[in-house]
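Q: 3D model of this:
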Amino acid sequence: MQIEHVIVTLVLGSQLITTDGIAQDNVPLTPGDFHQQEWQRLGFLYQQLDEVQPTRNQANIDVIYYRVFTDITDIALQTIQGNTTMTAQSLVDGNLSTELNFSQPMTVDSVIMEGQSCSWNHSLDFINITWVTPIDSGDTFTVTAYYQGHPPSSYFGSFEWGYHSGHSVVWSLSEPTGARDWWACKDIPSDKADSVDVFIRATDTNISTSNGTLREIINPGDGTKTYHWHESYPISTYLISLTSTNFQTISDHYVTLFGDTMPLVHYVYPEDYNDAVIDFSITPSAITSLRHYYGEYPFTNESYGMTAFNWGGAMEHQTLTTYGAPLIQGNHLYDWIVVHELSHQWWGDMVTLSDWPHVWLNEGFASYSEALWKEYNNGLSSYHSYMRNSLTVTDPSGPIYNPNPLFGANTVYHKGAWVLHMLRGVVGDSMWSIFPNYRNHYEYGNASSEDFQHAAEEIWGQDLGWFFQEWLYGVNRPNYRWSWAVGQWGGTNHVFVNIVQQQTNADLFTMPIQFRLTRTGGDTTIVLWDSLANQTFSFVMPSAPNNAALDPDQWILRYQQQVAYPLTIATENLLMASLGSSYQDTLHGIGGTAPYRWRITTGALPEGLVLDSLTGVISGIPDTSGSFLFAVTLADNAGGNTTREFALQILGLPEMVHDVVIQRLGNDIILGWGRSENATGYTIYRTDILDLPWDSLTTVSDTIYIDTGILETLNRGFYQVTARRD
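A: So this is what the prediction gives:
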């Protein structure tokens with residue numbers, strides 16, 4: 001009995017999503033639903049990543065070319081007959097054997113090497129091949145394996161048989177390790193074939209699709225047609241696909257940056273044709289939007305398109321995305337899915353992950369592309385809205401590298417996108433040079449997370465290890481508890497910001513945080529580099545702000561809570577005093593609830609100085625020299641208090657130095673004097689004939705070069721140099 005469609009239900013929060021892509025309560029898929037659904041399909045396989053590692057013999061060869069022939073005419077028994085020819089180069093001398101990945105339920109009929117039979121066996125999902133004459137490094141060889149059987153279907157489908165509207169349909173979806181289920185290959189993402197030919201033999205009522213360019217349709221007149229597709233760009237095994245049914249085609253075109261026309265061909269079920277014309281009409285503009293950020297579409301010598309299949313998700317097969325027929329609605333509801341899969345042509349297909357633990361380089365980039373597409377069409381506010389509302393991340397999350405499937409799309413798709421969003425927040429417009437640099441280094445090849453980091457560092461010119469370490473290999477996010485206050489003294493507005501990282505489920509984060517102050521005349525944004533468990537920043541403003549916001553545009557994946565600024569003694573150091581001279585300095589407090597009270601709690605002020613408990617003013621005439629340590633406690637009207645220790649230096653009586661000499665040398669004045677015995681410093685005093693206030697410059701040298709603009713003129717200045725001992 002033919003079963004038209006097997007429904008597999010996934011529990012996603014409170015909503016049940018089926019593999020036909022539509023929620024059971026008819027609520028459309030959200031980006032979170034879709035990304036989670038994709039991850040559910042892949043999750044089981046990602047738990048078996050050890051299968052993806054090459055054997056020692058596989059590591060000794062580099063694949064150059066595949067020719068894949070698949071006969072799918074046996075619809076009744078759902079069996080295939082096929083063969084794969086692999087041309088590869090040996091990377092070692094004396095090479096005598098290799099393995100091809102090929103699933104055990106399939107039957108291998110024979111293996112031919114260089115036109116002759118060779119020794120082989122099929123065991124543990126490998127075709128183990130041995131030849132007689134050794135091959136040296138740099139030599140190429142060709143192996144052909146012939147096989148047949150009913151391909152196993154890994155999890156949600158590496159090779160599937162089904163029906164739509166009474167017509168049979170066959171499709172493949174090999175990510176991550178499903179290629180081996182239906183054709184023999186070195187099923188390792190890092191070893192791309194330079195080119196591939198795919199032949200699909202099916203009933204002559206079918207159109208059969210695959211990657212690249214359709215080279216020929218072979219019609220022998222026996223009720224079958226064989227479609228021959230050629231992929232001329234390097235391609236990983238998991239990106240090679242086939243679909244076959246009674247497709248109806250939709251033709252469109254894209255104009256490249258150089259003014260050339262590239263064909264866009266979509267293959268859809270006839271019953272979905274009208275809706276698909278509407279939904280897929282965005283493809284040319286979507287390519288244009290993504291090339292704005294990533295550069296030209298990578299496969300302009302071939303084409304791009306989408307081909308329908310019986311699943312509610314989609315898969316970014318190179319040059320021809322396989323797109324779930326249930327997603328075709330005729331109302332642009334899932335435009336973001338079209339963009340997601342299209343973006344994989346850059347990130348996943350052109351630049352392919354080096355190994356599956358780096359899967360965020362595919363899926364995080366594609367999810368981020370959804371937000372960039374929003375920005376390109378609707379502006380920056382739409383981009384931020386999409387990041388916040390459609391790519392939400394819940395904790396626990398991470399690590400992003402080598403993720404645990406327990407965290408699924410939440411980590412790889414959404415948090416992966418946030419890594420790029422936050423990187424943009426760190427490097428600014430340099431982001432638009434990072435993507436092209438990454439591409440230039442690794443296009444049509446493979447890359448790791450470390451490779452992307454290096455590409456970013458080359459552009460930004462600084463180390464980014466701190467960023468990638470905490471966001472790729474760490475977990476969760478910072479939880480900022482922050483406050484701010486303004487103090488006005490000395491005719492200046494002093495702004496203080498306190499940030500406490502209070503997360504208990506993650507390490508401390510180093511991040512530049514935008515802090516926006518609103519004041520009369522406009523907003524001011526200051527970047528605070530926060531890295532400590534408790535950190536205070538201070539700066540001055542020309543006018544007092546009346547409001548503030550931490551990370552107002554949410555460039556950081558974080559929690560944040562604004563609280564009242566804690567009662568704080570803002571003064572950090574006291575002015576030095578001189579023995580026998582009048583002294584005054586003021587302690588300043590911020591936060592808490594005024595009025596304040598000041599008192600000495602440990603130690604004591606020097607004799608002759610007093611602290612005013614209401615104003616915080618320390619004043620008087622000290623009568624003892626030396627260094628004095630004491631603690632001051634500030635209490636507020638709400639019962640709070642805080643304490644800070646201070647050191648006050650009382651300098652001894654000054655001694656006049658001798659032989660003060662003033663000379664002019666070009667634009668400089670040389671002020672020199674005879675050294676005073678045991679002096680620890682010198683103070684230069686200047687006044688003038690108008691009896692203006694004295695000022696001073698302290699130095700430890702017995703000669704000082706000063707611009708004439710500082711010392712004014714030789715004939716109007718009066719200069720006195722004294723020596724001091726601590």
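Q: I'd like to know how many residues surround Gln535.
A: Close neighbours of Gln535, defined as other Cβ atoms under 10 Å, add up to 15. Backbone N, C-alpha and C define where each C-beta goes, glycine included.
Q: And for the one 3 residues further on?
A: Applying other Cβ under 10 Å, we find 14 other residues in the vicinity of Ser538.
Q: What distance do you get for Asn121 to His150?
A: According to Cβ to Cβ, to the nearest Å, Asn121 and His150 sit 21 Å apart.
Q: those helices in the stretch 301-450 of the chain, which residues are they?
A: Assigned by DSSP state H, counting those that start in this stretch, the helices in the stretch 301-450 of the chain fall at 335-343, 360-378, 380-389, 408-409, 416-427, 431-442, 449-460.
Q: What residues are bridge-paired with the residue lying closest to Tyr596 once chain neighbours are set aside?
A: Residue nearest to Tyr596 in three dimensions, not counting chain neighbours: Gly589, with 5.0 Å by Cβ to Cβ, 6 or more residues apart in numbering. Per DSSP bridges, the residues bridged to Gly589 are Ile569.
Q: Contacts only, for Gly589.
A: Shown in contact with Gly589 (Cβ atoms under 8 Å, 6 or more residues apart in numbering): 487, 567-570, 596, 598, 616, 634, 636.
Q: any idea which of the residues you listed has the most stuff around it?
A: The member of the contacts of Gly589 that has the most neighbours, counting by other Cβ under 10 Å, is Leu634 with 25 neighbours.
Q: how far away is it from Ala506?
A: Leu634 sits at a distance of 34 Å from Ala506 (criterion: Cβ to Cβ).
Q: for Ser385, same thing?
A: Ser385 is 26 Å from Ala506, where distance means Cβ to Cβ.
Q: can you check His441 too?
A: 31 Å.
Q: Mind checking which of these two has more residues around it?
A: Ala506 (18 against 15).
Q: That one reaches Gly474, doesn't it?
A: Yes. Contact status for Ala506 versus Gly474: in contact at 6.3 Å, counting by Cβ atoms under 8 Å.
Q: between the two, what contacts are shared?
A: Shared contacts of Ala506 and Gly474, defined by Cβ under 8 Å, 6+ apart, are absent.
Q: Kindly state the beta-bridge partners for Leu100.
A: For Leu100, the beta-bridge partners are Ile127 (DSSP bridges).
Q: Likewise for the one 10 residues further on?
A: Each beta-bridge partner of Ser110 is listed here, defined by DSSP bridges: Tyr146.
Q: wait, what's in contact with it?
A: 117, 145-146 are the contacts of Ser110 under Cβ under 8 Å, 6+ apart.
Q: do that again at 10 Å, thanks
A: Shown in contact with Ser110 (Cβ atoms under 10 Å, 6 or more residues apart in numbering): 83, 117-118, 120, 144-147.
Q: how does this protein divide into domains?
A: 247-476, 485-557, 569-651, 655-724 (automatic domain parsing).
Q: Redo these as a markdown table? Include distance to Tyr163 and mean pLDDT.
A: Rendered in a markdown table, the data for these read as follows (distance: least, Cβ to Cβ, whole Å; pLDDT from 0 to 100):
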| stretch | distance to Tyr163 | mean pLDDT |
| --- | --- | --- |
| domain 247-476 | 8 | 96 |
| domain 485-557 | 44 | 95 |
| domain 569-651 | 71 | 94 |
| domain 655-724 | 90 | 63 |
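Q: Compare these and give me the one nearest Ser158.
A: Among the domains of the chain, the nearest to Ser158 by Cβ to Cβ is domain 247-476 (10.7 Å).
Q: distance between the ends of the closest one?
A: 46 Å (Cα to Cα, to the nearest Å).
Q: ok, now stretch 615-630?
A: In stretch 615-630, first residue to last residue: 18 Å (Cα to Cα).
Q: Same question for stretch 583-597.
A: Start and end residues of stretch 583-597 are separated by 21 Å (Cα to Cα).
Q: just to revisit the earlier point, need the helices of the stretch 301-450 of the chain in CSV (columns: distance to Gln53).
A: Formatted as CSV, the helices of the stretch 301-450 of the chain follow (distance: least, Cβ to Cβ, whole Å):
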stretch, distance to Gln53
helix 335-343, 27
helix 360-378, 18
helix 380-389, 35
helix 408-409, 23
helix 416-427, 23
helix 431-442, 21
helix 449-460, 17
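Q: okay, the closest residue to Leu77 other than its chain neighbours: pLDDT?
A: Computed as Cβ to Cβ, 6+ apart, the closest residue to Leu77 that is not its neighbour in sequence is His150, at 7.3 Å. His150 is assigned a predicted lDDT (pLDDT) of 97.
Q: Make sure His150 is actually in contact with Thr79.
A: Yes. At 5.0 Å, His150 counts as touching Thr79 under the criterion of Cβ atoms under 10 Å.
Q: Next, show the common contact partners of the two.
A: What both His150 and Thr79 touch, as defined by Cβ under 10 Å, 6+ apart, is the set 106-107, 161.
Q: Provide a ChimeraX selection command restricted to the buried entries of these.
A: Remark: buried members of those, expressed as a ChimeraX selection using 16 or more other Cβ atoms under 10 Å:
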select :106,161
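Q: Can you add pLDDT, secondary structure and distance to Ile513 and give the shared contacts of His150 and Thr79 back as a markdown table?
A: As requested, the shared contacts of His150 and Thr79 are arranged in a markdown table below (pLDDT from 0 to 100; DSSP: H, G, I helix; E, B strand; the rest coil; distance: Cβ to Cβ, whole Å):
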| residue | pLDDT | secondary structure | distance to Ile513 |
| --- | --- | --- | --- |
| Met106 | 97 | coil | 56 |
| Thr107 | 98 | strand | 61 |
| Trp161 | 96 | strand | 54 |
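Q: Could you find the closest non-adjacent residue to Ser241?
A: Of all residues not flanking Ser241 in the chain, His317 sits nearest, at 3.9 Å (Cβ to Cβ, 6+ apart).
Q: Just give the number of residues close to that neighbour.
A: When neighbours are counted by other Cβ under 10 Å, His317 registers 29.
Q: contacting residues around it?
A: 172-175, 209-211, 235, 238-243, 306-307, 323, 341, 344-345, 349.
Q: In strands only, show me those residues.
A: Of the positions in these, 172, 209, 243, 306-307, 323 sit in strands, assigned by DSSP state E.
Q: Format these as CSV; extra columns: distance to Phe467 and neighbour count.
A: Shown next, in CSV, are the ones in strands among the contacts of His317 (distance: Cβ to Cβ, whole Å; neighbours: other Cβ atoms under 10 Å):
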residue, distance to Phe467, neighbour count
Ser172, 38, 27
Thr209, 41, 29
Thr243, 41, 26
Met306, 36, 28
Thr307, 39, 26
Tyr323, 35, 30
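Q: so which of those would you say is closest to Leu29?
A: Minimum distance to Leu29 across the ones in strands among the contacts of His317 is 13.3 Å, recorded for Tyr323 (Cβ to Cβ).
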